[in-house]
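Colleague: Sequence plus predicted model, see below.
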Amino acid sequence: MGPSTPIVRHYTIADFEIRGPLGKGNFGNVYMACHFIVALKVLFKSQIEKEGLEYQLRREIDIQAHLQRTHNILHLYNYFHDARRVYLILEYAPRGELYKELQNSHAFDEPRTATVMEELADALTYCHEKKVIHRNMKPEKLLLGLMGEVKMADFGWSVRKKMCGTLDYLPPEMIEGRIYNEKVDLWCLGVLCYELLVGNPPFESTSHSETYRHILKVDVRFPASIPLRAWDLISRLLRYQPSEQQPLAQVLKHPWVRAHSRRVLPPAAQMASLALSTPILL
Ligand code: AMP
């Protein structure tokens with residue numbers, strides 16, 4: 001299948017949960033049916049208050065609510081709260097974490113990796129236009145839609161100041177406490193490309209100090225299995241000086257991405273229905 005061939009989803013009766021009958025017609029019956037499944041993220045207010053994250057959560061909701069144009073960013077449809085909890089109504093990502101699929105297959109092939117690169121470079125272009133930096137594109141934080149398309153989720157890091165979690169994706173400027181900008185996402189894209197093709201991130205090592213050292217020296221070992229043109233792309237993204245990194249527009253045009261990406265855009269009607277179901281008011 002070529003990159004421009006749209007996949008039209010074929011429905012079966014199993015896609016619908018049939019509820020009570022609504023009426024009888026001349027040629028058949030009409031039923032109430034549930035189809036639109038969402039993911040409901042339930043957060044406890046007490047825990048958020050304990051960690052002092054009220055402001056961050058509001059910002060995270062605000063950011064995600066305003067990033068609704070592309071199907072590679074997980075949609076936040078709306079939110080509500082009661083006395084104890086905050087509920088986020090999110091797009092359901094049926095294939096779960098990218099990390100799990102990576103673990104199962106150990107590494108991805110060139111078409112799958114290049115497709116993820118194109119999807120993320122496009123989604124990041126949109127985020128950066130809106131002045132949002134993602135900062136946390138590791139496989140555990142990327143979800144997958146029905147066709148395996150990437151859904152960028154968890155914009156918590158866009159607002160959190162503290163560095164926590166794995167170091168593997170941190171760029172030199174963040175480690176050194178220098179001023180950083182949206183280029184940190186280009187670094188993450190380079191780390192991710194390597195991890196998808198090889199099966200582990202490029203700076204992984206046995207201790208934090210060793211990982212720091214590798215990152216600051218941009219000490220990347222490329223296994224012989226990495227295709228030359230992918231190696232070229234990764235090394236254009238992993239640069240100590242952010243000003244030397246390849247811009248997102250060039251990632252989208254990179255010969256390796258162009259040769260291997262199998263990105264499929266959803267049918268226009270599906271995008272329109274997503275837009276209609278996004279009644280967020282903040
Ligand atoms: P989180 O608290 O956002 O890190 O979510 C915890 C886990 O729940 C994720 O790692 C996913 O496995 C799952 N999950 C979160 N959001 C969704 C979603 N929208 N669709 C499907 N699974 C999700």
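Modeller: Now that the structure is in, tell me what you want to look at.
Colleague: Can you say which helix or strand has A114 in it?
Modeller: helix 110-129 (DSSP states H and E).
Colleague: and that helix, what does it pack onto?
Modeller: Under the contact criterion of 3 or more C-beta pairs under 8 Å, 6 or more residues apart in numbering; DSSP states H and E, helix 110-129 touches strand 150-152, helix 184-198, helix 228-237, helix 248-253, helix 255-260. For every residue, glycine as well, the C-beta is placed using N, CA and C.
Colleague: could these be laid out in CSV, adding mean neighbour count?
Modeller: Listed next are those as CSV, based on neighbours: other C-beta atoms under 10 Å:
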stretch, mean neighbour count
strand 150-152, 24
helix 184-198, 24
helix 228-237, 18
helix 248-253, 17
helix 255-260, 17
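Colleague: what's the closest of these to the ligand?
Modeller: strand 150-152 (7.3 Å; C-beta to the nearest ligand atom).
Colleague: and the closest one, what does it pack onto?
Modeller: Against strand 150-152 (3+ C-beta pairs under 8 Å, 6+ apart) you get helix 110-129, strand 142-144.
Colleague: Tell me if it is near the ligand.
Modeller: No - Strand 150-152 is not in contact with the ligand by C-beta under 6 Å from any ligand atom; minimum separation 7.3 Å.
Colleague: how distant is that strand from the center of its chain?
Modeller: From the chain centre to the centre of strand 150-152 is a distance of 3 Å (C-alpha atoms, centre = their mean, to the nearest Å).
Colleague: can the helices and strands packed on helix 110-129 go into TSV with extra columns for mean pLDDT?
Modeller: Below are the helices and strands packed on helix 110-129 laid out as TSV (pLDDT from 0 to 100):
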stretch	mean pLDDT
strand 150-152	94
helix 184-198	97
helix 228-237	97
helix 248-253	97
helix 255-260	98
